Structure formats: C-alpha cells, structure tokens
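A.B. asks: here is a sequence with its predicted model. Questions after.
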Amino acid sequence: MEITFRQLKYLIALAQHGHFGKAAAAVNVSQPALSVQIRTLEEALGARLIERGGREIVVTPVGREILVRARRIMEEMRELSEAARWERGLGGRLRLGVIPTIAPYLLPAALPLLRSRNLNLDLGVREARTERLLEELRAGELDAVIVALPTEAGDLVEAPLFDDRFLLGGSGRLMEAVGAAAQPEGLDPERLLLLDDGHCLADQALAACSLRRNQTRMDLRASSLSTLCRLAGEGIGLTFVPELALRAESASAPGLVLRRFSGTEPRRRVGLVRRHLSVDDGWFTDLASVLAEAGRSELVHAWVHYPSRSDEFPQDISAAPR
C-alpha cells in the first residue's frame, strides 16, 4: 500500500490542530474523509500514529517520529515546486516578513529599490513579531524574513544586513538628569519605557541594561516604538531608539531629545533569513543587497545628525548609499 502526500498533509494538520474536525476544516475536507486517510496511513506503516478516544487527539511516540519525516518531505516538495520561480533571480512572487520595529523605517526605502530592480516582482509583505514570522517561514508561508540576529536556528540561513545602534531618548529635563556620559547599565529602571512582551527590541534593551522585566517599575508596555518615543518626549520616561528609526521618530515627537551612549554602544544586528532547504540561485543574495543598501541610506541620517566617535562609521558620509 502506497503512502501519499495527501496522507502526510492530513497527519501534519491533525497534529497541529489536535482535533479531527478542526484539522479537516483546515485542509478543506470532511472529517470522515480525513479520518479514513489517517487510518489508511497507519495501515500502510503498520503502526498506530494517533491515540483516539478523548475530545482531542494525542500523537503516539511512533507518530511523532513519522511527523518529523512528514514535515521534512512536505518542505522539500514545496521547495521543489518553487524552484522554477527563482530561476532568473529575484522575480515572481516574493513573500517577505518584517518585524514591527523595522518595517515602518526600512520598507519605505527598500520597496522602491526592489521595484526598480524588477517591475514584475509580485511582493507580499507580512508584519509580525519574530516568533510568528519564523513559524510562517518554516511553514512555507513566507520566503524570507527580516529580523534581529541571531535566530539561533540550525534549519535557517542568515544574512547580516547592517548594525543598528541604539540611542537614548527622553525629554530635555530627563536627559539633563541622566548626565552627559550615559551608560545603559546606569539607567534608572523606574524611568525605562519598554515595548510589550514578545518584542525583541524590549529584550535587547533589558539585556543592554543588565535588567529583567520585573526590575522595571513602570508598568507601561507599548505596542509600537512610535508610542514610546512620544511618551519619552513628553517626559514620561526614557527609552531606547534604534538609529533606523531616528529620522521618522524625531519628526513625529518634537519633544524627544536623543543622545548616544558613551563607550560601547548597544545595538542590534538586522538580518535576512530564509529556510535552509529553500532554493537560492541568486534571489536571496540580491534581496539582501537591496535591503542592506536601503538600511544604510536610512542610517546616514543618524550618522550626520548624531555623530559618534566610533571608527565603525563611514569616514565619508557623502559616499554612503542614498
């Protein structure tokens, strides 16, 4: 008895949803049809894959082993079907994911560059937090994602784009209280404004300050960097502002005063990520090149208006890509 891709697809859906009815709805078949295919798969393998009896199903130990292989087979089949799409480099339909603390600042510069490279590029953009984007990338729903590196995932390929340093932002009064030589470790936890849980920027800010979330006293967890910058500009507290966001947030929050940290500047590394099994005949490299160019064009504003003594900055700002 042969094993079919349909059976593997149904098994994956059943494991994901934990319920025959929900899994059947997800793959657009009737519940009896899905149940028959799962039983046929079990007969073909000579093993029980699903424990039945309760309202929710449980995958057996053998079933978990089969699931690992089924997901690998389905991912390889997806990549095979997409191979022709990337035959001539960056073209066709590109599904790109971006985290919220990068999307509004990088995409306005990057999308026109992408369009200029290929007018026929069918681009779909998805904005979500890192964890969700990586799930959709692994599931084949996205071709690549822009996140903060490293992902520490062996099944993904990472391409660094640029380093994005953090500046300290707050009202003039609060910045005077901080002093001229601001250090992340010396910030008052009671004044620190952070993004909500799940945003990697909040985790990076806490790490730079050697703090844990429960050490901060202000229970104000914003969902956007713009909200934090406006609150900081009004004197509510202090926040970390990435260089990438400086031009946009300085214009929208007139009361925001920005200052570079003294000594080693905290930063994040922005990168492009794809699946390891994804076919790459140039599209990934081309995309990374365009995104890096767009990112550096935005960073020029930070280098010009908020200079640093760091040797890592370009000696000739006018030569930076625009």
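C.D. replies: Great, that's in hand. Numbering: from 1, shown residues only.
A.B. asks: for Thr101, give me phi and psi.
C.D. replies: phi -90, psi 0 (degrees, to the nearest 10).
A.B. asks: same check, this time on the one 3 residues further on
C.D. replies: Per-residue torsions, Pro104: phi -70, psi -10 (degrees, to the nearest 10).
A.B. asks: pull out the buried positions in the helix or strand harbouring Glu158.
C.D. replies: Element membership for Glu158, per DSSP states H and E: strand 156-170. By 16 or more other Cβ atoms under 10 Å, the buried positions in strand 156-170 come out as 156-159, 161-162, 164-170. Using the backbone N, CA and C atoms, a C-beta is placed for each residue, glycine as well.
A.B. asks: now those residues as a markdown table including distance to Ala23 and pLDDT?
C.D. replies: Output for the buried residues of strand 156-170, formatted as a markdown table (distance: Cβ to Cβ, whole Å; pLDDT from 0 to 100):
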| residue | distance to Ala23 | pLDDT |
| --- | --- | --- |
| Leu156 | 27 | 93 |
| Val157 | 31 | 93 |
| Glu158 | 33 | 96 |
| Ala159 | 35 | 96 |
| Leu161 | 38 | 97 |
| Phe162 | 42 | 95 |
| Asp164 | 41 | 94 |
| Arg165 | 46 | 92 |
| Phe166 | 44 | 92 |
| Leu167 | 48 | 91 |
| Leu168 | 49 | 91 |
| Gly169 | 47 | 91 |
| Gly170 | 51 | 91 |
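A.B. asks: those residues into a markdown table, with extra columns for distance to Glu293?
C.D. replies: Listed next are the buried residues of strand 156-170 as a markdown table, based on distance: Cβ to Cβ, whole Å:
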| residue | distance to Glu293 |
| --- | --- |
| Leu156 | 23 |
| Val157 | 20 |
| Glu158 | 18 |
| Ala159 | 13 |
| Leu161 | 9 |
| Phe162 | 10 |
| Asp164 | 15 |
| Arg165 | 18 |
| Phe166 | 22 |
| Leu167 | 22 |
| Leu168 | 28 |
| Gly169 | 26 |
| Gly170 | 32 |
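A.B. asks: and Glu265, which of the three is it?
C.D. replies: coil (DSSP: H, G, I helix; E, B strand; the rest coil).
A.B. asks: residues in contact with the helix or strand following the strand holding Glu158?
C.D. replies: Next helix or strand after strand 156-170 toward the C-terminus (DSSP H and E): helix 172-178. Here helix 172-178 makes contact (Cβ atoms under 8 Å, 6 or more residues apart in numbering) with Leu168, Gly170, Leu187, Arg191, Ala232, Gly235, Gly237, Leu238, Gly255, Val257, Arg259.
A.B. asks: direction included, what does the strand holding Glu158 pair up with?
C.D. replies: Looking at strand 156-170 with DSSP bridges, its partner strands are strand 239-242 (antiparallel), strand 257-260 (antiparallel), strand 267-275 (antiparallel).
A.B. asks: what are the ranges of the helices in the stretch 51-200 of the chain?
C.D. replies: 61-82, 103-117, 130-138, 172-178, 200-208 (DSSP state H, counting those that start in this stretch).
A.B. asks: I'd like the ones you listed written out as a markdown table, with mean neighbour count, mean pLDDT and distance to Ser224 added.
C.D. replies: Output for the helices of the stretch 51-200 of the chain, formatted as a markdown table (neighbours: other Cβ atoms under 10 Å; pLDDT from 0 to 100; distance: least, Cβ to Cβ, whole Å):
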| stretch | mean neighbour count | mean pLDDT | distance to Ser224 |
| --- | --- | --- | --- |
| helix 61-82 | 15 | 80 | 33 |
| helix 103-117 | 17 | 90 | 9 |
| helix 130-138 | 18 | 92 | 16 |
| helix 172-178 | 15 | 87 | 21 |
| helix 200-208 | 20 | 81 | 11 |
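A.B. asks: just how off-centre is stretch 187-202 within its chain?
C.D. replies: Put simply, stretch 187-202 sits 18 Å off its chain's centre (Cα atoms, centre = their mean, to the nearest Å).
A.B. asks: ok, now stretch 133-149?
C.D. replies: 7 Å.
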